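> here is my input; please provide its structure:
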Amino acid sequence: MLRKDFGYAARTLRKSPVFAVTAIATIALGIGASTAIFSVTNAVLLRRLPYANPDRLVIAWGDLRRRNVTDWPFSNADFFDLRKAATMFEDLAGVNTGRGIAPAEDGTPEQIRTGAATTNFFRLLGAKVVLGRDFVEEDGRPQPTPAPGAAQGAQPPPRLPAVAILSYEYWQRRYGGNPSILGRTINGRVVVGVLEPGFELLFPPNANLERTPQIWTAMRLAYDEANRNNVGIRVIGRLKEGASLERAQAQADTIAQDMRRRSSIKETAGFYIRLEPMHKNLVAEVRPAILALMGAVIFLLLIACANVANLLLVRASLRERELAVRAALGGGRWRLVRQMLAESLVLALGGAVLGLGLARIGIQELIAIGPANLPRLGSIVIDPAVVAFAALTGLAAAAMFGVAPALRASRPDVMEVLRGSGRTAGLGAGGTLRNGVVIAEVALSFVLLIGSGLMFRSFLALQRIDPGFNASRILTFVLAGGRGPNPQQRAAFIHEMQGRLRGLAGVEGVTASTTLPLDGGANPIRWGTEQALTDPSKFQAANWQAVLPGYFETLGTPLVAGRTFTDADNAQERKVVIIDQQLAAKAFPNESPIGKRILIRVRSLEPEWVEVIGVAGHQRDSSLATEGREEVFFTDGFVGSGAVGRWAVRTAGDPAHFASAIRSEIARLDPHLGVFEMQPMQKFLEQSGAGTRFSLLLIGVFAAIAAVLAAVGLYGVLSTLVRQRTAEIGVRMAMGAAPARIFQLVVGHGLRLSAAGIVLGFIAALGLTRVMVSMLVGVRPTDPVTFAAVAALFFLIGAVACWLPARRAALLDPVSALREE
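Prediction:
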């Protein structure tokens, strides 16, 4: 029986190809968009982490609550204390990552991603070694120290070798999968094993850890009580079977309290330990944006379903004579409903298949434009879960757009339809239902356009933010190698490098620093005024940078007061600093900071006085959306020379045109130097706004599609109204109604539907846009300008959608209309 129904449905749809193609394409848009975004949701939010028993994995972070600092790493001593006292865990492991240099096959330097981990790290995560062995406890034994009382100048004890494990991918690419790699020394590390393919370190992007280190080294950690401020270990723990996160957190609070009691620095900073499930920690930053996008595509799917429901209602009204005849000949109501639902299912099947194809294309585009802070971006694929979602979405869509038209069509007024021509049938419940569907379409589309408008306002706000530097015509790169064994040799090398690059034609300025604005790097220190000498709680947190003279001039960072660094300042004995406006306002409110001193801890645990010689404009360090922490600038020479590694060259034209000349000049200085990550500084600005731009693009596209569908739905209802009320319009015109009056009637009906939808959408948007708070910059979720602009835009869309049907009605010939009726 069902096969007959589906066969009949397919035959009737073939007779109406325009209707069938329009309906399937509309459904495909909704299902394709929702499936593509679900694939992101599935990969990022729903898929389990690729570790053994990932639900019991927890990240431990330090929080400095009095400094408003979160996600603080641990020192060696803190890690050992936590590992010993945290009995709620099976084990805890530490990890850190970085970049290094290794020789490529041709001998040229190659930048590699490095990781350092405690010896239990891979076992804790369940990662397997496919060649050689895993780290063992002996690999992490601390380096020996001179015996107490050893004679001055005595030979120190021999150092233990560093032990390394390679990633499978690096082993295959660099060494061709040769098993003889075991036992060889690479960059001073003895290779003992190779990891299984595909291992990833999944931390949130703002942790600035490498996702796929190529060479892993076993940490040789010593319990260093004196250097609790020397932090760098990220801690992962595995809860014991049956242990709850709440009990583990309570225990961590007790451990942190003990650490504060034993460390005045931790006490003044307000140190606490925060535990968070590893998966939750990974996706916390992007979760609101992904859920907002998922909500947007669900709205788009609902709008698509409403549009198809309207098409089916119109189609049912046109088939009322056929359905009435079948009912008069004994066709039961359930039989009619079943046949109409079969049509809906055939349309939904076609839409789901086409939508899955659109989703595949969409996923490729999402991966191409996805922001860097979207974790597991490369794992977004159409897997069985995504296919199942598309199938279930198709069934749900069929129910949403098919049930109401089917029920409506199953109740024809047989006598009324057979007695008349059917022209006036369907103006009652069917017309009301179509109007309601259009109002729902407009309301849903209004909410989407509000979301799109808010993201657009955020994007404009980001463009107006002053990053604290002028990124135009600056080429940046990382320079590795060439460091001498002592500060004098390192300083000489840097001076020569800077001089050679300055000598290139078209180069206007050259500088280097430990990090550059918006590159994601940060080096925290503590600073204070004279009050901090007697009250350590007065020390505050800031970021510091070591820079070369010419840094502020090259980057275009304004000097607010005082002077910049000179070559004479670039020495260890010169205790001078430049602070930014934010730190100046905190340290010396309502007075000039020039010539005054602040206490800093950067070269030792003991604070030292430095003189403020200048105040610079504040630079955004990690994101345009947040101001970031205050900054203190030292010269590279002050911290021992060679701390700088990121270079910036200001050029007279397009910086990309200078890349080749800069590489050649560096190679002439030393062919063994590594030049990496060469890119215009403008790219830092683009990357900082990538998340907002990504959300704006997607929500904007969905909102545009929704607005078009809503306009088409409104147009369809009014066109049907004009067609079905042709006789009434003819009578009105025959009785003297002017065409302008007919035009007003139709437009007024359409605008009333639009107004009802806008009011409902306005109310819904006031509540729903609050979930976008974390995505917005410089605009509130209830921004009145956005709401007013979108309301005006929708009235304009409604007017355009009403114009054609209204014009057609106004141009009707009353004699022809009455004769046709």
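> name the helix or strand of this protein that has the lowest mean pLDDT.
Here the helix or strand of the chain ranked lowest by mean pLDDT, DSSP states H and E is helix 414-419, holding a mean of 48.
> which element follows that helix toward the C-terminus?
On the C-terminal side of helix 414-419, the closest following helix or strand by DSSP states H and E is helix 429-464.
> residues touching the following helix or strand past that next one, excluding its own?
Remark: after helix 429-464, the chain's next helix or strand is strand 474-480, criterion DSSP H and E. Applying CB atoms under 8 Å, 6 or more residues apart in numbering, the contact partners of strand 474-480 are 99-101, 109, 111, 497, 512, 516, 554-555, 645-651, 655-656, 658-659, 662, 666, 673-682, 684. In this view, the C-beta of every residue, glycine as well, is placed from N, C-alpha and C.
> ok, residue 744 - contacts?
Listed by CB under 8 Å, 6+ apart, the contact set of residue 744 reads residue 806.
> did I read that right, residue 510 in a helix?
No - Residue 510: not assigned to a helix; according to DSSP: H, G, I helix; E, B strand; the rest coil it is strand.
> how about it, nearest residue that isn't a chain neighbour?
In space, and not counting its chain neighbours, residue 510 is closest to residue 501: 4.5 Å by CB to CB, 6 or more residues apart in numbering.
> the one you found and residue 662 touch, don't they?
Yes - assessed by CB atoms under 8 Å, residue 501 is found in contact with residue 662 at 6.4 Å.
> now the common contact residues for the two.
Overlap of the contact sets of residue 501 and residue 662 (by CB under 8 Å, 6+ apart) consists of residue 649.
> OK, contacts around the residue nearest to residue 510?
507, 510, 647, 649, 662, 665-666.
> apply 7 Å and report the result again.
Listed by CB atoms under 7 Å, 6 or more residues apart in numbering, the contact partners of residue 501 are 507, 510, 649, 662, 665.
> nearest to residue 732, of those?
The closest of the contacts of residue 501 to residue 732 turns out to be residue 649 (CB to CB; 76.7 Å).
> can you pull the phi/psi pair for the closest residue to residue 570 other than its chain neighbours?
Distances taken as CB to CB, 6+ apart put residue 637 closest to residue 570, at 3.9 Å, once the chain neighbours are dropped. Dihedral pair for residue 637: phi -60, psi -30, per degrees, to the nearest 10.
> same check, this time on residue 116
In terms of degrees, to the nearest 10, the main-chain angles of residue 116 are phi -130, psi 130.
> for it, the count of nearby residues, please.
Residues near residue 116, counting by other CB atoms under 10 Å, number 22.
> just the one 10 residues further on next, same as before
Around residue 126 sit 13 other residues, with neighbours defined as other CB under 10 Å.
> so how far is residue 52 from it?
3 Å (CB to CB, to the nearest Å).
> do residue 498 as well
Relative to residue 52, and taking CB to CB, residue 498 is found at 50 Å.
> restricting to C-alpha, output the longest strand belonging to the chain in PDB.
If you go by DSSP state E, the chain has its longest strand at strand 89-103. Only the C-alpha atoms of strand 89-103 are listed here, as PDB (Å, rounded to 0.1, in the frame of the first residue of the first chain):
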ATOM      1  CA  PHE A  89      43.500  11.300  40.800                       C
ATOM      2  CA  GLU A  90      45.000   8.100  39.400                       C
ATOM      3  CA  ASP A  91      47.900  10.300  38.200                       C
ATOM      4  CA  LEU A  92      48.800  13.700  36.900                       C
ATOM      5  CA  ALA A  93      51.200  14.600  34.100                       C
ATOM      6  CA  GLY A  94      52.800  17.800  33.000                       C
ATOM      7  CA  VAL A  95      53.400  19.100  29.400                       C
ATOM      8  CA  ASN A  96      54.700  22.200  27.600                       C
ATOM      9  CA  THR A  97      55.400  22.900  23.900                       C
ATOM     10  CA  GLY A  98      57.500  25.200  21.800                       C
ATOM     11  CA  ARG A  99      59.400  25.600  18.500                       C
ATOM     12  CA  GLY A 100      62.900  24.600  17.700                       C
ATOM     13  CA  ILE A 101      65.300  24.100  14.800                       C
ATOM     14  CA  ALA A 102      66.500  20.900  13.300                       C
ATOM     15  CA  PRO A 103      68.500  20.200  10.100                       C
END
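> could you name the helices and strands sitting against it?
Helices and strands touching strand 89-103, by 3 or more CB pairs under 7 Å, 6 or more residues apart in numbering; DSSP states H and E, are helix 76-85, strand 109-117, helix 121-125, strand 231-239.
> helix/strand/coil for residue 298?
Assignment for residue 298 (three-state DSSP): helix.
> what about the residue lying closest to it once chain neighbours are set aside, neighbour count?
Using CB to CB, 6+ apart and skipping residues adjacent in sequence, the residue nearest residue 298 is residue 34, 6.4 Å away. Residues lying near residue 34 (other CB under 10 Å) number 28.
> how far away is residue 34 from residue 350?
In this view, residue 34 and residue 350 are 16 Å apart by CB to CB.
> residue 684 too?
46 Å.
> likewise residue 583?
63 Å.
> higher neighbour count, those two?
More crowded of residue 583 and residue 350, by other CB under 10 Å: residue 583, with 25 against 20.
> can you pull the poorly scored residue ranges out of the stretch 101-250 of the chain?
Regions of the stretch 101-250 of the chain meeting the criterion pLDDT under 70 cover residues 146-154.
> what is the nearest of the contacts of residue 501 to residue 695?
Nearest member of the contacts of residue 501 to residue 695, counting by CB to CB, is residue 649, at 33.4 Å.
> the closest one should be in a strand, yeah?
Yes - judged by three-state DSSP, residue 649 forms part of a strand.
> tell me, how many residues neighbour it?
28.
> residue 193 is in contact with residue 132, correct?
Yes - in this structure, residue 132 is within contact of residue 193 by CB atoms under 7 Å, at 3.3 Å.
> compare neighbour counts for those two and give me the winner.
Shown here are residue 132 and residue 193; by other CB under 10 Å, residue 193 has more neighbours (21 against 16).
> helix or strand: which one has that one?
Here residue 193, judged by DSSP H and E, is contained in strand 189-195.
> who's in contact with that strand?
For strand 189-195, contacts defined as CB under 7 Å, 6+ apart pick out 127, 129-134, 161-168, 171, 181-184, 215, 217.
> in helices only, show me the residues you listed.
Counted as lying in helices by DSSP state H, out of these, are 168, 171.
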